[in-house]
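# What would the 3D arrangement of this be:
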Amino acid sequence: MTEKVQMSSQPTERPKVKLATVWLGGCSGCHMSFLDLDELLIELSKWVELRASPITDIKDFEDVDVALVEGAVTNSHNEHVLRELRKHARILVAIGDCSCFGGVSAMRNYVSREEALRRAYIESESTVNGRIPDDPTIPVLTEKVQPIQEFVEVDFYLPGCPPPPEVIAYAISELVQGRTPKLNYEMIHFD
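Predicted structure coming up:
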């Protein structure tokens, strides 16, 4: 996608769109791509109120208009956050391959949960006293990594690994203006 995303020069009289961005289990590449919007983030601020984001550590999901969810469900906390967000979000967008179909996060699915924990905590160079942590405050890994639509209804998919900043900007600009983004094949990107 080569053209620049243009938003109308004047915000409408309507209230700002309440946006949440959430990062579940994954690499955080989609949020990095979101940050690559640079100056357009400032332009978007005329139309958007950021209600939740790992960028700001705000976690207010109430009355969210648009929620961008990056990553797959990898543990009990991810599932809880996702279900709470869905309760409060008018439009939920799966952003990136991990949220859409498991992506890189789902590579853990080739071994059992117990095997993954053993390899990470007992066999690896970075061990924690040579044992698997059993602190009840640590979220429990799911048996398998799953994309978000296995847990909640998704309204729009934005695939890519990560989606290019211009595509994220296009999707957000369409959504905040009340339109459904129309993606074509050339907009999908895989690194």
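# what number of residues lie near Val111?
Val111: 12 surrounding residues under other CB atoms under 10 Å. C-beta coordinates here come from the backbone N, C-alpha and C atoms, glycine included.
# Phe34 versus the nearest residue to it once chain neighbours are set aside, what's the distance?
Using CB to CB, 6 or more residues apart in numbering and skipping residues adjacent in sequence, the residue nearest Val111 is Arg119, 7.3 Å away. Applying CB to CB, to the nearest Å, the value for Arg119 to Phe34 is 31 Å.
# What of Ile42?
Remark: distance between Ile42 and Phe34 (CB to CB) = 13 Å.
# Comparing those two, which residue is more hemmed in?
It is Phe34, of Ile42 and Phe34, that has more neighbours when counted by other CB under 10 Å, with 23 against 9.
# So the more buried one belongs to a helix, correct?
Yes: counting by DSSP: H, G, I helix; E, B strand; the rest coil, Phe34 is found in a helix.
# Wait, it touches Ile168, no?
Yes: assessed by CB atoms under 8 Å, Phe34 is found in contact with Ile168 at 5.5 Å.
# what is in contact with these two at once?
Common neighbours of Phe34 and Ile168, counting by CB atoms under 8 Å, 6 or more residues apart in numbering, are Leu68.
# got any ranges where the protein has weak pLDDT?
Filtered on pLDDT under 70, the chain yields the residue ranges 1-13, 31, 36-38, 57, 126-128, 189-191.
# Okay, and the beta partners of Ala20?
Ala20 has these beta-bridge partners by DSSP bridges: Ala52, Ala67.
# can you tell me which residues contact it?
Taking CB under 8 Å, 6+ apart, one finds 50-53, 60-61, 64, 66-68, 85, 89 in contact with Ala20.
# let's see 7 Å
51-53, 61, 64, 67, 85, 89 (CB atoms under 7 Å, 6 or more residues apart in numbering).
# cool, and His88?
Residues near His88 by CB under 7 Å, 6+ apart: 61-64.
# Likewise for Val48?
16-17, 19, 176.
# Please tabulate those in JSON lines, including the columns distance to Pro159.
Shown next, in JSON lines, are these (distance: CB to CB, whole Å):
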{"residue": "Lys16", "distance to Pro159": "27"}
{"residue": "Val17", "distance to Pro159": "23"}
{"residue": "Leu19", "distance to Pro159": "20"}
{"residue": "Val176", "distance to Pro159": "20"}
